[in-house]
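A.B. asks: Below: sequence and its predicted model.
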Amino acid sequence: VAANGSLTKYNLVDQTIDDFQDATGIDTSASSGETLTSGYYSGAAITTTNYSATSTGYQGTIQSYTVPSGLSSLSIEVWGARGGAGANSYKLAATTGTMTNSTGGAGPHGGFGARMKGTFSSPPAAGSTIKILVGQAGTGDNTADHGHGGGGGGTFAMVDHGVSSTAGTTKGVGNSTRYSPLVVAGGGGGASVYSGYSFGQNATPWNAESEVHASTTESATAHNDSYATAYAFTPGTAGSGGGINTSAGDYVAGAGGGFLTNGATTDTTHVDASEGDGGDSFLNGGEGGNSSSGTSNYGNYYGGFGGGAGANLAGAGGGGGYSGGGGGSGLWSSVSKNGGGGGSIINSDYGGSSITATGGATDKQTSPGSEHGYVTLIATTEQDMTLISNATTAEAVPTKGDIVFTYTNGAGTTTLGTDLTAEFSADGGSTWTSMTLGSEGTTGGHNIATAHDVSLTSTSGTSMAYRIKTLNQSASKTTRIQAVSLGWS
């Protein structure tokens with residue numbers, strides 16, 4: 001089979017050659033199941049499924065995806081939700097970079113969620129259920145002087161093995177035998193502000209660097225400032241919820257929930273502005289922290305669905321994730337601490353490898369779900385293919401046909417005549433003549449299949465075309481057609 005980078009289909013005297021640089025040589029209306037990928041045709045079907053947040057605030061719904069038959073490749077990209085903003089009665093002055101008391105301005109935003117994308121070479125079996133929890137943004141309060149945001153929810157894609165299963169993988173799963181993580185993106189920490197100051201970093205008036213973003217590692221984000229270190233929280237690790245520091249500060253916000261355990265909490269009544277409700281773990285449903293000042297009239301500080309923690313008057317909630325972010329704490333009159341970002345994971349137990357892993361601090365991109373999380377799942381399934389060429393007009397009515405084509409095995413071993421067949425037509429595809437294929441070695445790593453001097457048994461004519469079928473295709477057997485030459489005489 002000849003190839004020329006400047007031409008994709010050659011119409012020669014008594015012969016046509018196509019090396020699939022594009023689809024111009026294929027009758028796509030008559031073919032079925034075909035996908036052109038980087039110069040070859042196969043029976044791969046690529047399906048994209050997107051999931052967005054089901055609500056706002058601390059409650060939402062876990063969604064489901066059923067793994068299809070013939071799955072050969074699975075790619076999942078997830079974004080964690082952003083943490084809640086601080087008080088909106090302050091705005092960032094464009095000229096000085098300081099916060100000024102100007103009603104209606106924008107206060108400090110919460111930290112960004114992580115963005116994680118992995119491909120899985122050993123995806124879950126057909127029929128398996130993948131549970132999808134899309135994290136929701138933390139709620140920002142708008143109280144004039146004491147506004148603190150809840151933590152953003154983490155976004156989870158988890159294999160559900162069933163209630164009585166013991167199949168949970170060992171990748172940080174601990175006591176969980178029902179669920180195995182595929183990919184998790186942590187949510188950002190909530191922002192905290194007191195009288196126009198957010199001490200997220202260096203004890204300076206709020207600036208963009210004060211946000212505590214989510215982590216791309218399994219451990220949640222540690223606090224990123226040197227101010228008032230006595231108020232620092234404990235980030236979650238190995239799938240646990242985040243911790244809090246109850247020995248410092250008048251007000252201690254809740255910590256973000258992890259995969260296995262809830263975030264730490266000081267909220268028992270939901271009516272006290274000094275308390276903070278921790279986010280629930282994925283195993284416990286992923287509800288965000290439901291913190292409220294109740295009768296104190298200081299507003300509500302909800303964490304986002306996905307384990308985001310609730311805030312309080314002087315501290316912001318930690319983000320949910322594979323491991324939960326710690327809860328911020330502070331003093332009524334002087335100290336205000338942000339919540340920590342949640343941790344993330346791509347599970348190597350399913351052959352997972354990272355394509356994209358960017359923490360909020362380096363990515364700072366709004367997810368397709370805006371402030372909320374988002375999931376894009378791309379599944380490649382293998383199916384049988386019928387590949388029919390466009391017709392080429394012969395100069396004279398032929399009586400015989402020849403075919404030469406190259407193919408490779410994406411998976412398994414293709415058997416000629418069983419998994420791969422060829423036919424030719426002289427009447428534009430109305431009737432077909434079967435061709436018995438034989439192997440003629442390899443070229444450039446591609447297998448060569450041929451059939452020579454095959455007598456035309458279908459209707460005669462001058463409208464020449466070929467039909468190649470790939471059969472018995474599955475995740476364990478995939479056949480790729482690289483180039484085809486059909487001749488006649």
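C.D. replies: Everything's here; your move.

A.B. asks: Return the distance of the closest residue to Met385 other than its chain neighbours relative to Glu287.
C.D. replies: With sequence-adjacent residues excluded and distances taken as Cβ to Cβ, 6 or more residues apart in numbering, Met385 is closest to Gly43, at 3.5 Å. Every residue, glycine included, has its C-beta placed from N, CA and C. When Cβ to Cβ, to the nearest Å is the yardstick, Gly43 and Glu287 sit 43 Å from each other.

A.B. asks: Kindly report the same for Gly138.
C.D. replies: Using Cβ to Cβ, Gly138 is found at 13 Å from Glu287.

A.B. asks: of the two, who's got more company?
C.D. replies: Neighbour count, other Cβ atoms under 10 Å: between Gly138 and Glu287, Gly138 has more, with 47 against 24.

A.B. asks: Asp280 and Gly303 touch, don't they?
C.D. replies: No: at 9.3 Å, Asp280 does not count as touching Gly303 under the criterion of Cβ atoms under 8 Å.

A.B. asks: what number of residues lie near Ser38?
C.D. replies: The number of residues near Ser38, taken as other Cβ under 10 Å, comes to 6.

A.B. asks: Helices along the protein, start to end?
C.D. replies: When assigned using DSSP state H, the helices of the chain occupy the ranges 360-363.

A.B. asks: At the geometric centre of it, which residue sits there?
C.D. replies: Averaging the C-alpha coordinates of the chain gives a centre point, and the residue nearest to it by Cα atoms, centre = their mean is Glu77 (1.3 Å).

A.B. asks: Tell me, how many residues neighbour the closest residue to it other than its chain neighbours?
C.D. replies: The spatial neighbour of Glu77 that comes closest, neighbours along the chain excluded (Cβ to Cβ, 6+ apart), is Lys117 at 3.8 Å. If you count neighbours by other Cβ under 10 Å, Lys117 ends up with 20.

A.B. asks: partners of Lys117 in the sheet?
C.D. replies: Lys117 has these beta-bridge partners by DSSP bridges: Glu77, Thr356.

A.B. asks: in terms of contact, does it touch Ser75 like I think?
C.D. replies: Yes: using Cβ under 8 Å, Lys117 and Ser75 qualify as a contacting pair, with a distance of 6.9 Å.

A.B. asks: quick one: contacts for Thr408?
C.D. replies: By Cβ atoms under 8 Å, 6 or more residues apart in numbering, the contact list for Thr408 reads Tyr40, Gly445, His446, Asn447, Thr479, Arg480, Gln482.

A.B. asks: and the fourth one, what does it touch?
C.D. replies: Listed by Cβ under 8 Å, 6+ apart, the contact partners of Asn447 are Thr406, Tyr407, Thr408, Asn409, Thr414, Ser439, Gly441.

A.B. asks: thinking again about what came up before, which one of the contacts of Thr408 sits closest to Ser434?
C.D. replies: The shortest gap between Ser434 and any of the contacts of Thr408 belongs to Thr479, at 18.0 Å (Cβ to Cβ).

A.B. asks: Against Ala30, how distant is the closest residue to Asn409 other than its chain neighbours?
C.D. replies: What sits nearest to Asn409 in space, not counting adjacent residues and going by Cβ to Cβ, 6+ apart, is Thr479, at 6.5 Å. If you measure Thr479 against Ala30 using Cβ to Cβ, the figure is 19 Å.

A.B. asks: likewise Lys400?
C.D. replies: If you measure Lys400 against Ala30 using Cβ to Cβ, the figure is 23 Å.

A.B. asks: Got the confidence number for the residue lying closest to Val212 once chain neighbours are set aside?
C.D. replies: On the basis of Cβ to Cβ, 6+ apart, the spatially nearest residue to Val212 that is not a chain neighbour turns out to be Gly189, at 3.6 Å. Predicted confidence (pLDDT) for Gly189: 89.

A.B. asks: Gly189 is in contact with Gly321, isn't it?
C.D. replies: No: judged on Cβ under 8 Å, Gly189 makes no contact with Gly321 at a distance of 10.4 Å.

A.B. asks: circling back: need the contact list for the residue nearest to Val212.
C.D. replies: For Gly189, the residues meeting the contact criterion (Cβ under 8 Å, 6+ apart) are 83, 110-111, 151-152, 211-214, 221, 256, 316-319, 325, 328, 338-341.

A.B. asks: now do Gln473
C.D. replies: Remark: with contacts taken as Cβ under 8 Å, 6+ apart, Gln473 is in contact with Ser42, Gly43, Gly70, Glu382, Gln383, Asp384, Met385, Asp419, Thr479.

A.B. asks: try it again with 10 Å
C.D. replies: If a contact means Cβ atoms under 10 Å, 6 or more residues apart in numbering, then Gln473 has 33, 42-44, 70, 72, 381-385, 410-412, 414, 419, 479 as its contacts.

A.B. asks: do Pro123 as well
C.D. replies: When contacts are counted by Cβ under 10 Å, 6+ apart, Pro123 is found next to 67, 71-76, 130, 159, 182, 350-352, 379-380, 475.

A.B. asks: from those, which ones fall inside strands?
C.D. replies: Counting by DSSP state E, the part of the contacts of Pro123 found in strands is Leu71, Ser72, Ser73, Leu74, Ser75, Ile76, Ile130, Val159, Leu182, Gly352, Ala379, Thr380.

A.B. asks: Measure how buried Ala238 is and give me the count.
C.D. replies: Counted by other Cβ under 10 Å, the residues lying close to Ala238 total 16.

A.B. asks: actually Leu36, not the one I typed
C.D. replies: Other residues near Leu36 come to 17 when the count uses other Cβ under 10 Å.

A.B. asks: now the one 4 residues further on
C.D. replies: Summarising burial for Tyr40: neighbours were counted as other Cβ under 10 Å, giving 20.

A.B. asks: Now it: closest residue in space, sequence neighbours ignored.
C.D. replies: Tyr40's closest residue in space is Arg480 (Cβ to Cβ, 6+ apart), at 4.3 Å.

A.B. asks: partners of the one you found in the sheet?
C.D. replies: Assigned bridge partners for Arg480, using DSSP bridges, are Thr408.

A.B. asks: Hmm, Ser72 and it touching each other?
C.D. replies: No: contact between Arg480 and Ser72 fails when scored by Cβ atoms under 10 Å: they sit 11.7 Å apart.

A.B. asks: which one of these two has more residues nearby?
C.D. replies: Arg480 (25 against 21).

A.B. asks: Next, the contact list for that one, please.
C.D. replies: With Cβ under 10 Å, 6+ apart, Arg480 has these contacts: 20, 35, 37-44, 385, 406-411, 414, 446-447, 470.

A.B. asks: Buried subset of the residues you listed as a PyMOL selection?
C.D. replies: Restricted to buried positions by 16 or more other Cβ atoms under 10 Å, the PyMOL selection for those reads:
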select buried, resi 20+35+40+41+42+43+44+385+406+407+408+410+414+446+447+470
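
A.B. asks: Could you check the pLDDT of Asn347?
C.D. replies: 86.

A.B. asks: Quick check, it in contact with Pro181.
C.D. replies: Yes: in this structure Asn347 lies within contact range of Pro181 using Cβ under 10 Å: 5.1 Å.
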